[in-house]
Structures are given as structure tokens and as C-alpha cells.
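Student: Quick one, what's the 3D model for this:
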Amino acid sequence: MEKSCTLLVHFDKGTPALANEIKEALEGNDVAAKSEALKKAIMLLLNGETIPQLFITIIRYVLPSEDHTVQKLLLFYLEIIEKTDSRGKVLPEMILICQNLRNNLQHPNEYIRGVTLRFLCRLNESEIVEPLIPSILANLEHRHPFVRRNAVLAVMSVYRLPQGEQLLDSAPEIIEKFLSTEQDQSSKRNAFLMLFTCAQDRAVNYLFTHIDRIIDWGEQLQMVVLELIKKVCRANKSEKGKYIKIIISLLNASSAAVVYECAGTLVSLSSAPTAIRAAASTYCQLLLSQSDNNVKLIVLDRLNELKGSHREIMMEMVMDVLRALSSPNVDIRRKTLDIVLELITPRNVDEVVMMLKKEVVKTQNGEHEKNGEYRQMLVQAIHSCAIKFPEVASTVVHLLMDFLGDTNVASAMDVVVFVREIIETNPKLRVSIITRLLDTFYQIRAARVCSCALWIIGEYCLSLSEVESGIATIKQCLGELPFFTVTEDGEVQDASKKTQQVSSTMVSSRRPAVLADGTYATQSAALETAMSPPTLVHGSLSSLGNLRSLILAGDFFLGAVVACTLTKLVLRLEEVQPSKVEVNRASIQALLIMVSMLQLGESSVLSHPIDYDSRDRIVLCIRLLCNTGDEIRKIWLQSCRQSFVKMLADKQHRETEESKAKAQISNVQPDDLIDFYHLKSRKGMSQLELEDEVQDDLKRATGEFTKDGDDANKLNRILQLTGFSDPVYAEAYVTVHHYDIVLDVTVINRTKETLQNLCLELATMGDLKLVERPQNYTLAPESSKQIKANIKVSSTETGVIFGNIVYETSNVLERNVIVLNDIHIDIMDYISPASCADVAFRTMWAEFEWENKVAVNTIIQDEKEFLNHIIKSTNMKCLTPLSALEGECGFLAANLYAKSVFGEDALVNLSIEKQADDKLGGYIRIRSKTQGIALSLGDKITLKQKGGGT
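Tutor: Model prediction:
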């Protein structure tokens, strides 16, 4: 059996010391050399070397030394040397060190006494300790607290030895008496720990005797009190009430560590609303008072756990939790918003949104580099509030529309998506949103945001004035036509140069111009920039219109969106404008704009011509304006909106289904005991104790006390490692935790002989690492042994554990080896389904560098059945809504997403089609940040994709 190790020292195996050199240095008079030699001897011993010849040298030359460093190293040496023989008897030479230890315990220097007492705590041989007991007890009355606190620990370790109660039967009484007179906080803590460990009743009596002064005790002692309370309450649940009062009183302690532990203990022991409210309030105070970001994140995790089990109480704390937004750390802000958004109710939504609005305004003024990212989070949070509670939308939508021109494109995109959803779900806000959007449209700089805003203008401009304003705004942002002209010299020139003066007076009155580098300038200064070829004037042309500069930069998709929006506006103008002349004028202007865009796209001015899709879209719009029909008008003016409404309804339905699934609670059998609150005996119970009892009854009734694992699932994790005919049968039960794997191996000796030095040797492949060295066991005939092996996991990838069992028998000298079956660690144990927004999925897809492309090879013939099979096999979530997968067209494309316990993202895109022979073809593409997860997931899909019986 391998010894327990109480000492760890780094050892450089490259330069091992020689025993003779160490011996010479120890015999010399140089104290520094002695210290170094002792260190080398200790390191050699720790790494399995045996140096028996050094013992006598150390007794003769090191024991008499008065140097404190040498004496401490000597104690380390004595701690790790073998003190017993093969039969467990103490070696006779150990008697030599007993006198030295007694002298140390009576040494005039308190440091020597203290380190010797600490050394005695790690001795397991009662024969060595017994003669030293009077000296240990004498040190309990030493003048120095360092000696006293170590003397208490020494008494505790002696009392806990196998024959400790006979050696020192009065130890609890001595320590209790010591505790009542001691003033040093560390010594009191150690004394109370001794009573807590060895005489729990005495510790409890002492606690209740001094219950009034508990708040004045030191931090260390208060922490041990909390440990005692946890232990007692777990053993005797009926006495919880009186201990919970102690914990609540400790919530006022000055130490943040004690307060944090109190809150955690309170939550683990009680479900009473008063207790949970006190714990939540404590966590909120710690959130504000602690400056360390790691502490804040840990406290937020605790609040998140409380939210899951005590949501009603946490709803009252929403505003307190929101104060954590004052931290500049983005992770803290994100976690805070995630917690708060799940606690919003009609009662607190106004306060929450008001706070979020203030934070949005702050992001305008601050110079913090992460302001754009924080603003995006706030916009998403406000969006979520407005969808759940439409009445708050009117208070925030106009404020957020100021950020449509945000330099952070993701933030601006979130704003415009929010506006698009609110304008449909809140018809009362339509007019004010359209008016504001038309006023601020010129500020939008990003093409994606422009596209979404143009769609809103095309769909929701309904009255005559709105339609005319919409057309005018688009014309103004496009600038003068054509987009370019060719001079007599053959040079290309921007047509807008001809009308610089007019444009300057028109635009500069509204806002300053923004140059390419983001700085402001007057209109005339902006136009002095050389801009002969349109390709060189992306930023400076923003002063003449954001649409113009983006189209001149070659964004013809945006050009197609402009054409569609103009088409919708002209079609609607036909319905609301009685004057045919005005309708024709608007139609001709729209046609001129579209033709100019086609002319620009097909010219040699830009580095790349217009793409075919955009060209076809613009041509379609031209044909439509030239020849409109009722059916076409209905499609363009009604069907688009109906599709959007259907999408919103589908999204709402999905969210409702998900919330219903989360809200499902487990129930126990109907014949289980339930105590009724009004029939309970209240004699001698405080309100808090009564609440706690009632909450326990409710937990019992709803099955929270009976949540056991699935036994059938446990059996699936048992793996056979050897054959039934092998002399040693072995099987392993694999338990996968987040960051480690525990193998519980049962080894059975099936022979009639005793197996000696039986060792389970394991090796790993992949990011797995064995924690312990293998130990040797002796196995009697037909007996069994449980062997545990711990393996650390550092990343999400498929790993393999392989090895063998080695043993010796009495009549054969050579060792026998049985090779074990390999244990494959499944990637599915480390990834779980997760959700993310479409935008986030696309961003990650573009950023992640590792891709694994798996060709579809399956006997399944139905596209949806294959998708469901892949989802089940990979433990991922399908992000593509079910409505998008409806219908039978022979094609299917879906996005799947999962997250690992290490925080890694796994993205999968499935693209399949039904071929002529009714078989499915296509590809499954996996992307991730790390190579391991992409390869492992690909291997898993390749293995499982065939379906059928696999």
C-alpha cells in the first residue's frame, strides 16, 4: 500500500545528487551547505530513493544544530523517512529522535517549539508520540500564541490516533477549559475545531453558552462555527431552526468571507422565505462592496442558482442585482443582464427599463473601449423587455433610434431589428416611429442597417405624407443622378460635384459631415477631398448621402433593396395619391434611380460589376413599375408583411414552448405525506422555524427530496474490461464529472491462488491525464477489490483510456499481464444543447478556423428524419425554426449548436438533398475554435449517421 504524502517539493531529475556528496556536506560545519544537503536528501526520499546510510549521519551532525532552518528541514526529513518495519513495528533507532523532540518541546525559542508541535501533527506512530504527551500539554500554557495554537492541533492529532483515546482520554476536557480562558483568535479557532472534530457535543454546548458574543469572534472561528452548524443540521434536521438564527446573526459579521459562507449555508439548510431573502440580500450587498471581479462573478453565479429555486423572492431583488452594472467589466454586466431578464414581471418592468435607459445614455458619454459591446447588450435587454411587455416599448423606442447610426454595427443592427418588431407589434407607435426613422435615416452608416430600415420604410409608410417623405428621404440620401459621368477627356467624374454648392447648403444645415477617419468637418472641407474615381470616396461621400457612398463602394445588394423600397412606395402612392401626374412623376424618378444603378453596375468604373441576383432584382422592379397588375400589387404590398407577422408569431410560439418546458416540475406519488400549515404544532417555534418546516413539507410534496439518478442509465456506464475466462475479471463504472473522470474498477480474483502485487496500470491518449500513481494490492482467492482511478480532462475531445492488470502468483516468479479493453470517453458527455442568436451564429461561423466536412452517407431516406437522428446523436440543438423546415422540396438546410462544459462552441451546418435514387446526399460541416471538438464531433457523426440499427 502506498503511503500518504504530507509534503510536496519540486524535484529536477536532470541533476540528481549523490549520497556521498550529501553525507560530506552534512558532516561539515557550514550551515548553508548543511541546509542544501538536507534539501537534496528530502527530495531524493520524496522521489522514491532510499538512503539508509544518512540516518546516523543526520543524528550525529544535524540533530545538535541550533540553526532554525536546519532544525525545520530536519523535521521534514523525519516526517518522510520510514519509521516502521515490514510488520508495522517502530524501528528501534526512532527512540533516538524522541529525546530530541522532547528537548525541542521545552526549547526556550517559541519557533522551535511551534514547528516541532506542527511536526507531531503528522506523526502516526503512537509509540513515538506517547512519551511526548506531558510536554505537549505543557505547551498549552506557553506565553506565545504561536506555540499554543500548534499545541492544540498536536493534542487533536494525538487524540485522533488509533489508540488516541487511551493515550489522552481527557483531551476534550482540557481543550474545553483552554477554550474558555484563551484570548488569541487563531488558538481559539484551533481549540473549537478540535472539539468540533473529536467531541461535537462539547462544541455545541460552548457555542450556545457564548451565543451572544458570536458576532465578536474572529473570522477563522466564525468559519469553523459555520462548518459545525452544517454538520449538525445534516445529522439532525429537526434542530435546524435554532442554528439558522445563529447564521442570520452572523450575516452582520465584518468579514466578507464569513458573510458569503453564511449566505451559502443558509440557502443549503433552509427554504424559508425569510432565510432566502436574507441570503439574497447578502449576496447583493457583496456584489456592491467587493471590488474583485472574480468575487462578483462567483456571487452572480450564486444569485443565478437562487433564481432557479426561489424565483419569487429574487424578483424582489431585481433592482439590487442591477446595481452590478456599475462595474466596467463586460462579463459581469452580461451575467447581470441575463439574471435580471428572467426575473422581469409587470410590477418591476418599468423600473428595470428606466435603469437600462440610463445605462444606454451613459454609453454615449463614456470613453470606455467596450461601450459599443455594452450598448449592444443593453439594446438586446430592452428589446427582450419590450417583447414581453409591449406597454414599455413607447418609452424606449425613440431613445434607441438615436443609435441607428452607431459605429458599432452589431449594436445598430440590434436597434433596427428591435424597431422592426415593435412597429409591427405596437400599431399605436407606427406613425411616431416612421417619422423618427425618416428624420434619422441619413445618420445610418452600415449597409445591413440601411437595408432593414429601408424595408421598414417600404412596409409601414401608409399615409400620403409618409409615402412622399419616404421617397424624398431616399432621393436625398442617393444624391444627384447619374452616379457618374464621363468628361470629354474620358475621365470619370462624380456627378454630384456639379452641384456642390446646392448640396452644401441643403445638407450642412442638418449636420456636420463625417470624414473617412471618423472626424467631423464642414461641408466644403469634406468635398475638397480628391474623388475622381468613385471607388476612392467611400467615407467622404457620406456627406452627400449614406446610400450614395455605400452604392459607389460596390454594395449592389443595398441597391436592390433601394429599388424594392421605391417600388413599394410608388405602388402605395397609387393608392393614396389622387393626382395621376404626381404618381407618374414619382414613378419616373424611381425608374431613373434604378436605371442609374444598373448603369453604374455595368460600367467599368467600379472594380467589380453588379452581381446577377441584384441585377435581376432591379430589372424586376423596373418591369413592375412599367406594367403593374392587381395580383402583383397584392404580393408586394401585403404578402411581405404577412410573412413577417408569421415569423414573429412562430418566434413567440417557440419561446412560449421553451418557457413551458423549463417550468415543468416533478411530482411524487399521491399517497406521500403532506403536513398542513394550519394543523402544525407551533409550540416553542419561531416564525422562521415554522416557515422552514412548511417549505420542507412543500419540497417533499413536489419531489425535490427524492430526485435520484436513473438506475438504468447507471448500468449503461458499466464497461467490461476483461473476459469471463481470464484469471482476473475486471469491470469499470465510469463517472464523468465536468473536469475529471472517475473510474470505479471492480477486480475479482477468479483463481484459487493469492495474487500478489496486483496493479492496475492505465495510460491515456488525448487530453486526458492520470492523477495518481498505481498502487499494488494483494488479492485473496476468489475475493474482489474496488480500485478508484482519477483522470483529469482538459478539453472537449474524444479520449481513450487503455491499460492492463499485472500480478504475481506465489509459485511463478514472472509477472502475469492481462490486457484490458479500451475505454473510449465520449464527447457527448461534455457537450450540451445551447441557444444563440442567428447573428451570433453567423459571426462565430465566420471567425472559427477549424472546419470538418463530413459527407452524408446514410440509409435514412427522409430529410427530417435524418436531421432528428443527427440532433439526437450529437446532443445538439437545432437553431433553425420548425416553420422553416416545413414542406417537401427535396432540400433541407439547418444550423445546430451546442456548448461544452469548458465554454467551447460547437457549430454544425447540415445541408442535404434527396437524389434521383431517393437516397440523401450532401454535407455536414462542423466548425469550432479548437481542433479537438471539430474532429471528435466529425468522428461521432461519421459513426452514427447511417441510422437504422446503428
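
Student: got any ranges where the stretch 851-950 of the chain has weak pLDDT?
Tutor: Where the stretch 851-950 of the chain drops to pLDDT under 70, the residues are 947-950.

Student: can you map out the helices along it?
Tutor: In the stretch 851-950 of the chain, the segments counted as helices under DSSP state H, counting those that start in this stretch are 863-874, 931-944.

Student: Model confidence score at V392, please.
Tutor: Per-residue confidence at V392 stands at 82 (pLDDT).

Student: and the closest residue to it other than its chain neighbours, what does it touch?
Tutor: Closest residue in space to V392, ignoring its immediate chain neighbours: V353 at 4.9 Å, by C-beta to C-beta, 6 or more residues apart in numbering. The C-beta positions use only the backbone N, C-alpha and C, and glycine is treated the same way. Taking C-beta atoms under 8 Å, 6 or more residues apart in numbering as the criterion, V353 is in contact with I382, C385, A386, V392, T395, V396.

Student: out of the helices of the stretch 851-950 of the chain, nearest to F557?
Tutor: Distance to F557, taken as C-beta to C-beta, is lowest for helix 863-874 among those, at 29.2 Å.

Student: helices or strands up against the closest one?
Tutor: Applying 3 or more C-beta pairs under 8 Å, 6 or more residues apart in numbering; DSSP states H and E, one finds that helix 863-874 makes contact with strand 877-878, strand 891-900, strand 905-914, strand 920-928, helix 931-944.

Student: Would you mark the buried spots in the second one?
Tutor: Neighbour-count burial for strand 891-900, with 16 or more other C-beta atoms under 10 Å as criterion, is recorded at L892, A894, N895, L896, Y897, A898, K899, S900.

Student: Just put those residues in a markdown table and tack on distance to F483.
Tutor: Output for the buried residues of strand 891-900, formatted as a markdown table (distance: C-beta to C-beta, whole Å):
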| residue | distance to F483 |
| --- | --- |
| L892 | 41 |
| A894 | 40 |
| N895 | 38 |
| L896 | 43 |
| Y897 | 42 |
| A898 | 47 |
| K899 | 47 |
| S900 | 50 |
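
Student: Tell me which of the helices and strands packed on helix 863-874 lies nearest to M223.
Tutor: Distances from M223 to each of those were compared using C-beta to C-beta; the shortest belongs to strand 891-900, at 34.5 Å.

Student: still on that earlier bit, present the contacts of V353 as CSV; the columns should include distance to Q915 and secondary structure.
Tutor: Supplementary listing: the contacts of V353 in CSV, determined by distance: C-beta to C-beta, whole Å; DSSP: H, G, I helix; E, B strand; the rest coil:
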residue, distance to Q915, secondary structure
I382, 48, helix
C385, 48, helix
A386, 46, helix
V392, 52, helix
T395, 55, helix
V396, 51, helix
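
Student: Filter those residues down to the buried ones, PyMOL style.
Tutor: A single PyMOL command suffices to select whichever of these are buried according to 16+ other C-beta under 10 Å:
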select buried, resi 382+385+386+392+396
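
Student: with the contacts of V353 in mind, which one is nearest to K651?
Tutor: When those are compared for distance to K651 (C-beta to C-beta), A386 comes out closest, at 13.8 Å.

Student: returning to what we had before: most tightly packed of the helices of the stretch 851-950 of the chain?
Tutor: Here the criterion is mean neighbour count by mean count of other C-beta atoms under 10 Å, and of these the winner is helix 931-944, at a mean of 19.

Student: Between strand 920-928 and that one, find me the angle.
Tutor: 160 degrees (axes from the mean of the first three to the mean of the last three C-alpha atoms, to 10 degrees).

Student: what's helix 931-944 packed up against?
Tutor: Contact here means 3+ C-beta pairs under 8 Å, 6+ apart; on that basis helix 931-944 packs against strand 850-855, helix 863-874, strand 905-914, strand 920-928.

Student: Could you export those to TSV, including columns for distance to S249?
Tutor: TSV is the format used below for the helices and strands packed on helix 931-944 (distance: least, C-beta to C-beta, whole Å):
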stretch	distance to S249
strand 850-855	55
helix 863-874	52
strand 905-914	46
strand 920-928	51
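
Student: among these, which is nearest K335?
Tutor: If you check each of the helices and strands packed on helix 931-944 against K335 by C-beta to C-beta, strand 905-914 wins as the nearest, at 17.5 Å.

Student: tell me how far the closest one is from the chain's mean position?
Tutor: Mean-position distance between strand 905-914 and its chain equals 25 Å (C-alpha atoms, centre = their mean, to the nearest Å).

Student: before we move on, what about stretch 317-334?
Tutor: When C-alpha coordinates are averaged (C-alpha atoms, centre = their mean), stretch 317-334 and its chain have centres 17 Å apart.

Student: start to end distance for it?
Tutor: End-to-end span of stretch 317-334 (C-alpha to C-alpha, to the nearest Å): 17 Å.

Student: now do stretch 82-99
Tutor: Here the two ends of stretch 82-99 are set 19 Å apart, with distance taken as C-alpha to C-alpha.

Student: now the helices: where do they sit in the stretch 651-800 of the chain?
Tutor: Along the stretch 651-800 of the chain, the segments classed as helices by DSSP H, counting those that start in this stretch run 687-702, 711-715.

Student: The residue nearest to V392: which element?
Tutor: Under the assignment given by DSSP states H and E, the secondary-structure element containing V353 is helix 349-365.

Student: Name the residues of that helix that come out as buried.
Tutor: Across helix 349-365, burial judged by 16+ other C-beta under 10 Å covers V349, V352, V353, M355, L356, K357, E359, V360, K362, T363.

Student: Give me the contact list for stretch 908-920.
Tutor: With C-beta under 8 Å, 6+ apart as the contact definition, stretch 908-920 has outside contacts at 845, 856, 858, 860-861, 863, 866-867, 870, 874, 876, 890-897, 921-927, 937.

Student: what about it, start to end distance?
Tutor: With C-alpha to C-alpha, one end of stretch 908-920 sits 18 Å from the other.

Student: and what of stretch 162-177?
Tutor: In terms of C-alpha to C-alpha, the two terminal residues of stretch 162-177 are separated by 24 Å.

Student: can you list the residues that contact that stretch?
Tutor: Contact with stretch 162-177 is made by 126, 129-130, 133, 137, 140, 152, 155-156, 158-159, 161, 191, 194-195, 198-199, 202, 206, as judged by C-beta under 8 Å, 6+ apart.

Student: List buried residues within these.
Tutor: For the contacts of stretch 162-177, a burial check counting by 16+ other C-beta under 10 Å picks out 129, 133, 137, 140, 152, 155-156, 158-159, 161, 191, 194-195, 198-199, 202, 206.

Student: taking the mean pLDDT, what do you get for stretch 315-324?
Tutor: For stretch 315-324, the mean per-residue pLDDT is 89.

Student: Enumerate the positions of it that are buried.
Tutor: With burial defined by 16+ other C-beta under 10 Å, the residues of stretch 315-324 counted as buried are M317, V318, D320, V321, L322, A324.

Student: Just the ones in helices from the buried ones among the contacts of stretch 162-177, please.
Tutor: Among the buried ones among the contacts of stretch 162-177, DSSP state H puts 129, 133, 137, 152, 155-156, 158-159, 191, 194-195, 198, 202, 206 in helices.

Student: how about the residues you listed in CSV, adding distance to S603 and pLDDT?
Tutor: Rendered in CSV, the data for those read as follows (distance: C-beta to C-beta, whole Å; pLDDT from 0 to 100):
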residue, distance to S603, pLDDT
V129, 98, 85
I133, 102, 89
L137, 102, 90
V152, 92, 92
V155, 95, 91
M156, 91, 90
V158, 96, 89
Y159, 96, 89
A191, 92, 89
M194, 91, 88
L195, 92, 87
C198, 93, 86
R202, 96, 88
Y206, 93, 86
